[in-house]
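Engineer: sequence unknown, structure follows:
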């Protein structure tokens, strides 16, 4: 199974991620703090890290910490479409993709399936 680590503190969105991953046969670990995210990624099994840039526990700092660890895991972040400055800061911090939350939600199954196929 592919391992996806998601830094999302919204419980409803965590449930949506978990259900989509389950339907695709993908193992997902949801983290609601930066420390939990870094700890999970440091285990080495992650094939993709998903970051909600509106999470309360400093998502940009968490991304920077992952980069300091030399984590080669692809990062995909999502944010409100009106927060272009935050999106740019996430790209500068090392995110492979930053997209509006609506696009991320719409394409969630495709994004997760792509990570699964890249790990096969």
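Structural biologist: All right, it came through fine. Since the model is a prediction, treat every value here as computed from it, not as a measurement.
Engineer: secondary structure element for the most centrally placed residue in the chain?
Structural biologist: Nearest residue to the geometric centre of the chain (Cα atoms, centre = their mean): residue 50, 0.5 Å. Using DSSP states H and E, the element containing residue 50 is strand 48-52.
Engineer: which other helices and strands contact whichever helix or strand comes after that strand?
Structural biologist: Sequence order places helix 59-68 as the next helix or strand after strand 48-52, per DSSP H and E. If you count contacts as 3 or more Cβ pairs under 8 Å, 6 or more residues apart in numbering; DSSP states H and E, helix 59-68 packs onto helix 34-42, strand 48-52, strand 75-79, helix 84-93. (Glycine included, C-beta is placed from N, CA and C.)
Engineer: Which strands or helices does the last one pack on?
Structural biologist: Going back to what we said before, that points to helix 84-93. helix 59-68, strand 75-79, strand 97-100.
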